[in-house]
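Peer 1: Sequence first, predicted coordinates after that:
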Amino acid sequence: MNNKEIKRILEAMFFISTEPITVQQLKDVFIDADAGMIKEAIVTFQNELVEKNSALRIEEVAGGFQMTTSSDVFPYLRNFFGQKPKQKFSSASLETLAIIAYRQPVTKAEVEFIRGVNVDGVTTTLLERDIIKVVGHKEVPGRPILYGTTKTFLEVFGINDLSMLPQLKQFTKQDIEISENKL
C-alpha cells in the first residue's frame, strides 16, 4: 500500500470518526504500514487541506488526530445549525478548571484555597461532564482525592497535551483585566 492509498483511506476514517484517532489505532488498520508511513500520510493530508484553503483541517488533539473545521467558518456553521456551542463553562467552572489543569494533581481543598470559595458543585459538574477525573489520593492524613484533567478536556479545548496550555508567564495583568471585563 502506498502513501496515496493510505491518505485516501485516512480521509474516510477522519471524516466518519467523532473522536481523535491515534497512530496506534491506524497501525492496527494499516497492518503493512509502519508508524512513519502513517504519520507521513497524515502530514501530507494536513498540508494538502491547508494548501487548497479547505474549510477542513486535520488537527492533533488529545493524543490523536481529528478532522475539524477551520475556525473562520465557525460563525457560518453556528448559523446553519442554529445552536450555541455545546460546551459552555461558567466563570466559576473555568477558574476551577484552570487551577486543576495547571496544578494537577490537586485536591479540592487546594483549589478552594486558591479560589477562596467552596467548589463542591463545580467539581461535581466537571466530573459529570468528564472534563476532570479522580487521579488518586494525596498521601497526607485523610488521603484527600486528587483531581486531574481528562482526554475530553483536551478535545474540548482542542489541544494535544497539557504542554500546549499557554504558559502562565505569557499572561499580563492587562490580559487578565480584559478577560474579567468580558465576563
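Peer 2: Arrived safely. Numbers count the residues shown, from 1 in each chain.
Peer 1: How about the residue in this protein that sits furthest from its center?
Peer 2: Residue farthest from the centre of the chain, counting by CA atoms, centre = their mean, is Pro141 at 33.7 Å.
Peer 1: A helix includes that residue, no?
Peer 2: No. Residue state for Pro141 (DSSP: H, G, I helix; E, B strand; the rest coil) corresponds to coil; a helix is not indicated.
Peer 1: So it versus Glu11, what's the distance?
Peer 2: Distance from Pro141 to Glu11, counting by CB to CB, to the nearest Å: 55 Å. Heads up, the C-betas are built off the backbone N, CA and C, glycines and all.
Peer 1: ok so, going back, phi, psi for the residue farthest from the centre of the chain please.
Peer 2: phi -50, psi 130 (degrees, to the nearest 10).
Peer 1: mind listing what the residue most central in space within the chain touches?
Peer 2: With distances taken as CA atoms, centre = their mean, the residue of the chain nearest its centroid is Leu154 (2.0 Å). Going by CB atoms under 8 Å, 6 or more residues apart in numbering, Leu154 touches 61-63, 160-162.
Peer 1: before we move on, which element is it in?
Peer 2: helix 151-157 (DSSP states H and E).
Peer 1: Do a quick rundown of the strands in the chain.
Peer 2: For the chain, applying DSSP state E gives strands covering 56-61, 64-69, 106-107, 132-137, 145-149.
Peer 1: helices or strands next to the longest helix belonging to the chain in the packing?
Peer 2: Counting by DSSP state H, the longest helix found in the chain is helix 35-51. Judged by 3 or more CB pairs under 8 Å, 6 or more residues apart in numbering; DSSP states H and E, helix 35-51 is in contact with helix 3-16, helix 23-29, strand 56-61.
Peer 1: which one of these is the most hemmed in?
Peer 2: For those, the largest average neighbour count (mean count of other CB atoms under 10 Å) is found in strand 56-61, namely a mean of 18.
Peer 1: Identify the residues contacting it?
Peer 2: Strand 56-61 is contacted from outside by 14, 20, 42, 45-46, 49-50, 65-70, 154-155, 158-160, using CB under 8 Å, 6+ apart.
Peer 1: Quick check on those residues: which are buried?
Peer 2: Among these, those buried by neighbour count (16 or more other CB atoms under 10 Å) are 14, 20, 42, 45, 49, 65-68, 154-155, 159.
Peer 1: Could you dump the residues you listed into CSV with pLDDT added?
Peer 2: Formatted as CSV, the buried ones among the contacts of strand 56-61 follow (pLDDT from 0 to 100):
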residue, pLDDT
Phe14, 92
Pro20, 91
Ile42, 89
Phe45, 89
Leu49, 92
Phe65, 92
Gln66, 92
Met67, 93
Thr68, 92
Leu154, 90
Glu155, 86
Ile159, 86
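Peer 1: I'd like these laid out as JSON lines, including distance to Phe30.
Peer 2: Putting these into JSON lines (distance: CB to CB, whole Å) gives the following:
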{"residue": "Phe14", "distance to Phe30": "14"}
{"residue": "Pro20", "distance to Phe30": "17"}
{"residue": "Ile42", "distance to Phe30": "11"}
{"residue": "Phe45", "distance to Phe30": "14"}
{"residue": "Leu49", "distance to Phe30": "20"}
{"residue": "Phe65", "distance to Phe30": "14"}
{"residue": "Gln66", "distance to Phe30": "18"}
{"residue": "Met67", "distance to Phe30": "18"}
{"residue": "Thr68", "distance to Phe30": "22"}
{"residue": "Leu154", "distance to Phe30": "24"}
{"residue": "Glu155", "distance to Phe30": "24"}
{"residue": "Ile159", "distance to Phe30": "26"}
